[in-house]
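Student: I need the structure of the sequence given here:
(chains A and B)
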Amino acid sequence: MAETIEDLVSPHEPPDRIPIFTAGEIEGLNTTPQSFGHLAWSRFRRHKLAIIGAVGLIFIVVMFIIGPSFSPYGFDERNIADRLQGPSFDHWFGTDEIGRDLFVRTAQGGRYSLLIGFLVAVLATFVGTILGAIAGFFGGWIDGIISQMINLVLIVPALIALSVFSKNFGRDAVGLSLVLAVLLWTRIARVVRGLVLSIKEQEFIMAARAAGASNTRIIGRHVLPNVVGAVAVEVTLLLGTAIVLESTLSFLGLGVQPPNASLGTLVADAKGSIESDPVRVLIPGFCIVWIVLCVNFLGDGLRDALDPRSKTERG
Amino acid sequence: MTNNSEPLISVKDLSVAFRTPDGLVRAVIDATFDIHPGEVLAVVGESGSGKSVTALALMRLHPKNAEITGSVMFNGHDLLTASEDEMRAIRGRDIAMIFQDPMTAMNPVFSVGSQIVEVIRLHRNVNKKQAWERAVDLLQMVGVPDPKARASQYPHEYSGGMRQRAMIAMAIANDPRLLIADEPTTALDVTVQAQVMEVLHDVQQATGSAMMLITHDLGVVAGSADRVQVMYASRVMESGSVDEIFYETSNPYTSALLDSIPDIEGSRELLQPIPGNPPSLLNPPSGCAFRPRCAHATQECGDSVPQMVDVSPAHMSRCHRVDELYRLAEVSS
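Tutor: Coordinates of the predicted model:
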């Protein structure tokens, strides 16, 4: 039993083995070099919420895609005799007023909503990132024009603009996506512009210039890769916003038109019976919330994974 | 030493001014100097004396709001009137630059090796694999241990000294004829500074490139330069060989600068700082800019800006009283 500190320390007895580290071991040099993708994946894997988001998203997408093939009903198949049924073994989510199977319709509507969300996210990110980077990098009158464009779009009341535009070409997924993208690119553009303003003042941009790199190369190779993390988060938020906005429009009858359905139109169709049959509203509503949440979790994880400066514990 | 050869770069009457809301700031005034092949020119001066702006102007990397006059002859071209495409071809190939802070001078999202590869492939028609092999060789050359593994690491996995070595590797990737090192050791630990200077010196010897070494560390100058150019308040005050600057000092500012260095072997006297502060470039003093702080200033010093005069061949000083203060002393000693 050790009574005093001296007993514990016992300076006269050398330890059995003095651990000797080479400089390499101390600095972690002897670990095999890992590719960026590998490192990003290992960081992503450690991010619990991101994994939940990814799994949740994959689950619901797979459900939407292959789910209907397990059901004998078509998405526009009416069966008046079975109308307004609650969830059952036959109709998993029940049926609507004209006897259409709600499980099939939800899957169909969910696919449509996701398609629009992805289209909007891709379009708006593409336009927003390029315009934002150009504005931030070149500054001056170019920045002036782009910034005024951003402000112009921002002050337009979204719903009014959407209702005007979607009347004319919001009939199909592509048209509706275009209209939404025109309204939503500004957020990414502003984020990217702000980041680029600070990145372009950093010394590695000057170093790239001193090495003989052109403006295009500097933007493409030195500026944009440094905004990927932030943009990844914005993209996922955008995807969520787009789905919610599309649902809002469809709910108001301005977005997706029958016979097509989206999660928004499904909620709208069921809103009359929210008191008698809340499940019909809740199911598509829950799908919207599920998708948006998963996508946001995913974005959070992506931001951490795509930043090579974030710490990676190595096993 | 190499003065009889054709100069590699010949700077004449280079002036850089910035238009600011408060008025015109003249950051460099009438700088005239040559750098010969293989020569190390040290540019010394306090912060804000125009050293870095001079270097950036040589590569035409000065900020957009700068107004620049004079000429920079390199390879038969005036770099100040060359097209942007010509400049891009010269930057990184003929003239390369090493920056002050290795922490921020590398792109954080790419591995060190791929950044060197980029510099190589900007100027040479080689495939990625060849460029990568060269990058590893370069890292080896600047003393990065285990260069194969280190090449695929990211800048944040490097220590400061290692990063500066990697910056040097990047700068010499295309065997430049002129290497501009802008305070390459300022951001580093004192212990690491010496190592990095040694690497820089070795690399310069090995590649035979000329070097413009910007620093405010006179110890670094004494150890590695062939010629020295002392700058104060946008003007070159004195230029000459290292020995001339250190042992035949011919300018009051240079001697004040030398007096302010702590002497490791000398007596434990107090340091002798230069009294006062560097002048505002917005509103410089009349006449000689060093006059308000100079122990030898007279009425004449306030009347006109002194010209550069020859003290001896290739040794020049900007002082009205250079004859009475320095030449007589030389004769009498």
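Student: quick one, phi/psi of the residue positioned nearest the centre of chain B?
Tutor: Closest to where the C-alpha atoms of chain B average out (CA atoms, centre = their mean) is residue B:214, at 2.3 Å. Torsion angles at residue B:214 (phi, psi; degrees, to the nearest 10) stand at phi -100, psi 130.
Student: quick one, what contacts it?
Tutor: By CB atoms under 8 Å, 6 or more residues apart in numbering or on different chains, residue B:214 lies in contact with B:42, B:43, B:51, B:52, B:55, B:180, B:181, B:182, B:183. From N, CA and C alone the C-beta is placed, and that goes for glycine too.
Student: again, only using 7 Å
Tutor: The neighbours of residue B:214, taking CB atoms under 7 Å, 6 or more residues apart in numbering or on different chains as the test, are B:43, B:51, B:52, B:55, B:181, B:182, B:183.
Student: cool, and residue A:256?
Tutor: Residues counted as contacts of residue A:256 (CB under 7 Å, 6+ apart) are A:112, A:176, A:250, A:262, A:264, A:265.
Student: just to revisit the earlier point, restricted to helices, list the contacts of residue B:214.
Tutor: The helices, defined by DSSP state H, take in B:51, B:52, B:55 from the contacts of residue B:214.
Student: how about the residues you listed in CSV, adding neighbour count?
Tutor: Output for the ones in helices among the contacts of residue B:214, formatted as CSV (neighbours: other CB atoms under 10 Å in any protein chain shown):
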residue, neighbour count
B:51, 27
B:52, 21
B:55, 23
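Student: From those residues, pick the one nearest residue A:67.
Tutor: Relative to residue A:67, the closest of the ones in helices among the contacts of residue B:214 is residue B:52; by CB to CB it sits at 65.0 Å.
Student: wait, what's in contact with that closest one?
Tutor: B:182, B:214.
Student: and it, what pLDDT?
Tutor: pLDDT for residue B:52: 88.
Student: just checking, what's the longest helix in chain B?
Tutor: helix B:190-207.
Student: and that one, is it in reach of chain A?
Tutor: No. If you take CB under 7 Å from any CB of the partner chain as the test, helix B:190-207 misses chain A, and the best it gets is 14.3 Å.
Student: Output the contacting helices and strands for that helix.
Tutor: When contacts are defined as 3 or more CB pairs under 7 Å, 6 or more residues apart in numbering or on different chains; DSSP states H and E, helix B:190-207 packs onto helix B:160-171, helix B:218-224.
Student: Give me the angle between the longest one and helix B:190-207.
Tutor: Helix B:160-171 and helix B:190-207 meet at an angle of 20 degrees, taking axes from the mean of the first three to the mean of the last three CA atoms, to 10 degrees as the criterion.
Student: Give me the distance from helix B:160-171 to the chain's centre.
Tutor: In terms of CA atoms, centre = their mean, to the nearest Å, the centre of helix B:160-171 is set 17 Å apart from its chain centre.
Student: Quick one: mean pLDDT over it.
Tutor: Mean predicted confidence for helix B:160-171 is 91.
Student: what about stretch B:110-130, near chain A?
Tutor: Yes. Applying CB under 7 Å from any CB, one finds stretch B:110-130 touching chain A at B:119, B:122, B:123.
Student: List the contacts of the spatially most central residue of chain A.
Tutor: By CA atoms, centre = their mean, chain A has its centre lying nearest to residue A:236, at 1.8 Å. By CB under 7 Å, 6+ apart, residue A:236 lies in contact with A:295, A:296, A:298, A:299.
Student: of all those residues, which comes closest to chain B?
Tutor: residue A:299 (18.2 Å; CB to the nearest CB).
Student: So the closest one sits against residue A:231, correct?
Tutor: No. The pair residue A:299 and residue A:231 fails to qualify as a contact (CB atoms under 7 Å) at a distance of 9.8 Å.
Student: Residues that sit against both of these two, list them.
Tutor: With CB under 7 Å, 6+ apart, residue A:299 and residue A:231 have no common neighbours.
Student: one step back: need the helices and strands packed on helix B:190-207 in JSON lines with mean neighbour count and distance to residue B:297, can you?
Tutor: Supplementary listing: the helices and strands packed on helix B:190-207 in JSON lines, determined by neighbours: other CB atoms under 10 Å in any protein chain shown; distance: least, CB to CB, whole Å:
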{"stretch": "helix B:160-171", "mean neighbour count": "26", "distance to residue B:297": "40"}
{"stretch": "helix B:218-224", "mean neighbour count": "18", "distance to residue B:297": "23"}
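Student: can you put those helices in JSON lines and add distance to chain A?
Tutor: Output for the helices and strands packed on helix B:190-207, formatted as JSON lines (distance: least, CB to the nearest CB, whole Å):
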{"stretch": "helix B:160-171", "distance to chain A": "7"}
{"stretch": "helix B:218-224", "distance to chain A": "21"}
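Student: could those helices be laid out in CSV, adding distance to residue A:44?
Tutor: Output for the helices and strands packed on helix B:190-207, formatted as CSV (distance: least, CB to CB, whole Å):
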stretch, distance to residue A:44
helix B:160-171, 27
helix B:218-224, 45
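Student: what's the closest of the ones you listed to residue B:91?
Tutor: helix B:160-171 (11.0 Å).
Student: Who are the packing partners of that closest one?
Tutor: Judged by 3+ CB pairs under 7 Å, 6+ apart, helix B:160-171 is in contact with strand B:95-98, helix B:112-123, helix B:128-141, helix B:190-207.
Student: May I have that helix exported as CSV, CA atoms only?
Tutor: Taking Å, rounded to 0.1, in the frame of the first residue of the first chain, the C-alpha atoms of helix B:160-171 are listed here in CSV:
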residue,chain,number,x,y,z
GLY,B,160,5.8,26.6,-39.4
GLY,B,161,9.4,25.9,-40.3
MET,B,162,8.4,23.0,-42.5
ARG,B,163,5.8,25.1,-44.2
GLN,B,164,8.3,27.7,-45.0
ARG,B,165,10.6,25.0,-46.4
ALA,B,166,7.7,23.9,-48.5
MET,B,167,7.1,27.5,-49.7
ILE,B,168,10.8,27.6,-50.7
ALA,B,169,10.3,24.3,-52.6
MET,B,170,7.4,25.8,-54.4
ALA,B,171,9.3,28.9,-55.3
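Student: quick one: contacts of it?
Tutor: With contact meaning CB under 7 Å, 6+ apart, helix B:160-171 is reached by B:96-99, B:102-103, B:105-106, B:112, B:115-116, B:119, B:138-139, B:141-144, B:155, B:158, B:179, B:184, B:187-189, B:192, B:195-196, B:199-200, B:203.
Student: Can I get the buried ones among these as something I can paste into PyMOL?
Tutor: Listed next is the PyMOL selection for buried residues among these, using 16 or more other CB atoms under 10 Å in any protein chain shown:
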select buried, chain B and resi 96+97+98+99+102+103+105+106+112+115+116+119+138+139+141+142+143+144+155+158+179+184+187+188+192+195+196+199+200+203
